[in-house]
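[1] Prediction below, plus the sequence it came from.
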Amino acid sequence: MVVYDVEELYKKIGLLGNFQIFVVVMYTIGERVTAGLLDFQVHILSVTPGWYCKSERCINLTLNQTYFNKSMLCMMSDDEWDWDGTRDNLVNQFNLTCGNTYKISLGSTLFFVGYPLGSLLTGLIADWLGRKWLATGFLLMTGLVNCSAALLSSYDTFIIFRAIEGFCIGGLTVTFYPLLIEYIGAGARNLANVVAQCGYGMGMAFLCFAASYITSWRAVVIATSAHLFFVALLLISNIPESPRFLLKNKKADEAKQVVKIMASWNKVDLPDEFEIIQTDEPCEQERAWKLFTYSRYTCSATVAQMFIWFTAALYFFALSFNMNDVLGNPYLNLAVTGVMEVMINVCSYFFIDRIGRRWCMLVSFVLCGISVGICRFLPHENLHYTHFSVKTFWVIFGRAVGGFIYSLVYLYSAEIFATTVRSSGLGLCVFAAQISSLIAPFVIVINADNANVVYTILFLFCIVAFLAAWILPETANVPLPSTVAEMDAMKYQNYSIFTENSPLITGDVLQGNKDKEGYLAE
C-alpha cells in the first residue's frame, strides 16, 4: 500500500489542475465578484440623477458655480425643479436629498454591520460543521435576499435587507475562501489567490457598467445577483468537502474519496490502495479561543492580523468612498479603480512568491503611508491644476495599493491560521475589517469639513499596521499548518526569502521547531 502525506499527494494529483481551477473560478464568481458588486451597491445607486429647472431662480442658481447638485436642490422648493426621468435610482425613488442624505451612508453602514456578525458567527460554525454546505447556503441566501430587496417599496426595509446581505457575504467569505485554499498545494496558492482577488475589481467595474447603462435600479440589483444561483448549483453538484478538513476531523475514508475525485478531474491515476498520513495525529476539534491562549506568539499573531485587516479595510473603503474628492464622475471613478485593482493583482503574481508575503505587506503599507501623507499636505480647496493632478495621482495610487493589501491579507491569513481554526481565524479578521468599514461611509461627511483629518488618521494607522506586520512569519511556499501547535512553530519563519537557503518548512522541520523550544511542554 502506498502512503502519502497531504502535500505529497497534492503534488501528485496536481497543485493547480482542472479541479482546482474549477474551484478558483467558482470562488471568484461566487464570492469575490459578488463582494465587489454589493460593497458599493448603495454608493453607486445613490448617485444624484439628472434634474432640470422649472423656475428662473433655479436657473440663476445653476449659473453660480459655488453650489453643486444636492446643495442646489436643498436651496429650492419642490416646485422649482424636477427629476428629468432619465434614470431611476435610490435618490429619486426614496427622496434621499437634503435632510435625508444621511440614509445613503446608513444603507452602506448597515451592510457593514451584518458583515462582521456573519463572518464571526459563521467562522466558528464552519470549523465544526465544514465549509461546503455553509458556503452553498450563503450563496443561495445572498441571491434570494438581494433579488427580494429589488422589489421593496420602502427604503427603511431596503436597508434592513442590506444588513442581511452583509451577514450572508460575511458568512460566505469565511467558508468559501478556506475551502479554496485547502484544495490548493503550497506552490500554487499565490496564483490561485491572484486570480480570485481579481474578481473583486471585476465586480466593481461591472456594477459601474450596469448602473451606467441600466436606468432602473431594481433591474441593476437583480442583474448583479442572478449569477449566485448558478454558482450554488455547480458547487452542490461538483465540489465536495475539503479533504484537509475531513482529515483533521478523523474522516480519512471520506478524504480519500475526495482525493480520488480530484485525481479524476485532473486525469491523474492513483494507486488502488493508498493511505494519507498527516504531520501529526488527528486531534480533537480546536476552538477559536485557543488562538489567544495557546502561546504569546499565537495571541500576538492573531491580534496583529486583526489590526492589519482593520487598517486595510479602513484605508480601502475610506479612499473608495472619498474618490469624488478628486474626480467628478462616480461611475468612472469606481470603474477605473476596479480595473486598476485587477491590473495590480495580476502584476503582484510575479513578486509575491519571490519577495514573500511579509515583505510585500511591509512595503505596501509604506507606500500607502506615503500616498496619504502627501495628500495630507496638499490644499483641499481651490486647487491649482498642478495640485489637482498630483492629488488625483496619489489618491488613485494609494487606493490601488490599498486594494492590493486587502487582497493579500486573505491569502496571508489563510496560510498562517491552522486548518482546525482557519475559518474561525478568518472570521475574527473579517470581523475586525468590517468594524472599520462601518466608519468608512461617513468619511465623506468628515472630508467635507476637513479632508486633512482623514489623511492624517490613515497615515497613523499605516504606521501601526507596518509594525504589526513585522512580527508575522513568512508563509511563501510553506505547507499549511494543521494545528495551532504548528501555527505556533511558524514563529521561526521570520526570515526573509532573500536569505540564502531559506527552508521549505515540512512536517519534520515543524516538529523539530516544537522540540527546540520545549514546544509541547506543560
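    Thanks, I have it. Numbers count the residues shown, from 1 in each chain.
[2] For residue 432, see how far away residue 299 is.
    For residue 299, the distance to residue 432 equals 15 Å [C-beta to C-beta, to the nearest Å]. Just so you know, the C-beta spots here come from the backbone N, C-alpha and C atoms, and that holds for glycine as well.
[3] So residue 140 versus residue 44, what's the distance?
    Residue 140 is 24 Å from residue 44, by C-beta to C-beta.
[4] which one of the two has more residues nearby?
    residue 44 (23 against 17; other C-beta atoms under 10 Å).
[5] who are the neighbours in contact with the more buried one?
    For residue 44, the contacting residues are 207-208, 211, 330-331, 334, by C-beta atoms under 8 Å, 6 or more residues apart in numbering.
[6] Show only the entries of those residues found in helices.
    Counting by DSSP state H, the contacts of residue 44 place 207-208, 211, 330-331, 334 in helices.
[7] Flag the least confident of those.
    Among those, residue 330 carries the lowest pLDDT, at 68.
[8] where does this structure have low pLDDT?
    Applying pLDDT under 70 to the chain picks out residues 1, 61-72, 278-285, 322-330, 379-389, 441-451, 492-522.
[9] Let's see that with 50 instead.
    Confidence mapping of the chain against pLDDT under 50 gives the ranges 65-68, 280-282, 382, 384-385, 495-522.
[10] Which parts of it are strands?
    Assignment of strands within the chain using DSSP state E yields the ranges 2-5, 51-53, 81-83, 274-277.
[11] And the ones you listed: which comes nearest residue 378?
    strand 51-53 (32.2 Å; C-beta to C-beta).
[12] got a list of contacts for the closest one?
    Strand 51-53 is contacted from outside by 59, 62, 73, 80-84, using C-beta under 8 Å, 6+ apart.
[13] quick one: which two of the residues you listed are the most distant?
    59 and 83 (16.6 Å).
[14] The stretch 151-300 of the chain: helices as residue ranges?
    Assigned by DSSP state H, counting those that start in this stretch, the stretch 151-300 of the chain shows helices spanning 155-181, 189-213, 217-223, 227-238, 243-248, 252-265, 290-293, 296-321.
[15] Next, the buried residues of the second one.
    For helix 189-213, the neighbour count (16 or more other C-beta atoms under 10 Å) marks 189-208, 210-212 as buried.
[16] helices or strands up against it?
    Contacts defined by 3 or more C-beta pairs under 8 Å, 6 or more residues apart in numbering; DSSP states H and E place helix 189-213 against helix 18-27, helix 33-39, helix 41-45, helix 155-181, helix 217-223, helix 330-355, helix 385-416.
[17] Same question for the last one.
    For helix 296-321, the contact count by 3+ C-beta pairs under 8 Å, 6+ apart identifies helix 290-293, helix 357-376, helix 385-416, helix 422-439, helix 443-449, helix 451-470, helix 484-489 as packing neighbours.
[18] Which of these sits closest to residue 94?
    helix 443-449 (18.5 Å).
[19] Would you mind measuring from the residue in the chain sticking out farthest from the centre to residue 80?
    Within the chain, the residue lying farthest from the chain centre (C-alpha atoms, centre = their mean) is residue 56, at 49.0 Å. To residue 80, residue 56 is 9 Å away according to C-beta to C-beta.
[20] Next, count neighbours for residue 48.
    Neighbour tally, residue 48, other C-beta under 10 Å: 18.
[21] what's the spacing between it and residue 491?
    Taking C-beta to C-beta, one finds residue 48 at 52 Å from residue 491.
[22] likewise residue 295?
    From residue 295 to residue 491 the distance is 8 Å (C-beta to C-beta).
[23] Hmm, residue 435 and residue 314 touching each other?
    No: with contact defined as C-beta atoms under 8 Å, residue 314 and residue 435 do not form a contacting pair (9.1 Å).
[24] Tell me which of those two has more neighbours.
    Using other C-beta under 10 Å as the criterion, residue 314 and residue 435 rank with residue 314 on top: 24 against 18.
[25] Just list the residues touching that one, thanks.
    Per C-beta under 8 Å, 6+ apart, neighbours of residue 314: 436-437, 439-440, 458, 461.
[26] make it 6 Å
    residue 436 (C-beta atoms under 6 Å, 6 or more residues apart in numbering).
[27] coming back round to it: determine which of the strands of the chain approaches residue 375 most closely.
    It's strand 51-53; of these, that one is closest to residue 375 (C-beta to C-beta) at 31.9 Å.
[28] if I look at residue 150, how far off is residue 15?
    Computed as C-beta to C-beta, the residue 150 to residue 15 distance reads 41 Å.
[29] I'd say residue 338 and residue 201 touch.
    Yes: with contact defined as C-beta atoms under 6 Å, residue 338 counts as touching residue 201 (4.1 Å).
[30] Right, I'll call it a day here.
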